[in-house]
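K.L.:
Take a look and give me a structure for this.
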Amino acid sequence: MPARARRWAAFTLVEIMVTVTIISLLAAVSVPALQSVKRRTIATTVANDLRTFAGAFDVYAHEMGGWPAETDAGVFPPEMANRINATAWQRPTPFGGQYNWDNNQMHNGARVRAAIAISTTATSAVMQDVDLLEAIDRLLDDGNLATGNFLMGADGEPVFIVSP
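P.N.:
Have a look, this model is predicted:
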């Protein structure tokens, strides 16, 4: 091979640096977009779970004339067998924690007949993610965590009011 042909057989340092810079810029632009997609996916999953569960509890109340007995977080209400998939109820929510059926409890200073709380640890990073919680609220309600059917409970955990 002549010397001139061998000289062009490899990439120069400048070409490699330009390529790495372009890839870095593309990654920097795509990371926020991926985080936004992840946030929307989590919000949609939680909203759909809450709608499904609330609908089943509401049908139960109409058929039986009252609400099921209260259970602890992650404990499947036995009265809801054949109405809700027990595995779906007991699995952790997409941001951690467990669904919790509340019957005749206080939420935000008012007694609520029926609610689904999402019990998590107080140190959960997602619980500090107000944007995610507001995205869930926009899908279910009015977008304001202080009002409506989806709100932050007094203990800092989100609550979906099934029946005020």
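
K.L.:
CA atoms for contacts and neighbours, from now on please.
P.N.:
Noted.

K.L.:
Beyond the helix or strand of the chain with the lowest mean pLDDT, next helix or strand please.
P.N.:
None of the helices or strands of the chain scores lower by mean pLDDT, DSSP states H and E than helix 3-7, at a mean of 56. Counting by DSSP states H and E, the next helix or strand C-terminal to helix 3-7 is helix 13-64.

K.L.:
for whichever helix or strand residue 88 is part of, packing partners?
P.N.:
Using DSSP H and E, residue 88 maps to helix 86-90. Packing contacts for helix 86-90, counted by 3 or more C-alpha pairs under 8 Å, 6 or more residues apart in numbering; DSSP states H and E, involve strand 98-107.

K.L.:
ok now the strand it packs on, how far from the chain's centre?
P.N.:
18 Å (C-alpha atoms, centre = their mean, to the nearest Å).

K.L.:
And that strand, what's buried?
P.N.:
By 16 or more other C-alpha atoms under 10 Å, the buried positions in strand 98-107 come out as 98, 99, 100, 101, 102, 103, 104, 107.

K.L.:
check contacts around the residue lying closest to residue 83 once chain neighbours are set aside.
P.N.:
Closest residue to residue 83 apart from its sequence neighbours, by C-alpha to C-alpha, 6 or more residues apart in numbering: residue 56 at 6.0 Å. Counting by C-alpha atoms under 8 Å, 6 or more residues apart in numbering, residue 56 touches 80, 83, 84.

K.L.:
got these as CSV, with pLDDT and neighbour count columns?
P.N.:
Output for the contacts of residue 56, formatted as CSV (pLDDT from 0 to 100; neighbours: other C-alpha atoms under 10 Å):
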residue, pLDDT, neighbour count
80, 94, 15
83, 92, 15
84, 92, 19
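
K.L.:
Take those residues and lay them out in CSV including distance to residue 119 and secondary structure.
P.N.:
As requested, the contacts of residue 56 are exported to CSV (distance: C-alpha to C-alpha, whole Å; DSSP: H, G, I helix; E, B strand; the rest coil):
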residue, distance to residue 119, secondary structure
80, 19, helix
83, 22, coil
84, 19, coil
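
K.L.:
List just the nearest of the buried residues of strand 98-107 to residue 44.
P.N.:
Relative to residue 44, the closest of the buried residues of strand 98-107 is residue 99; by C-alpha to C-alpha it sits at 15.6 Å.
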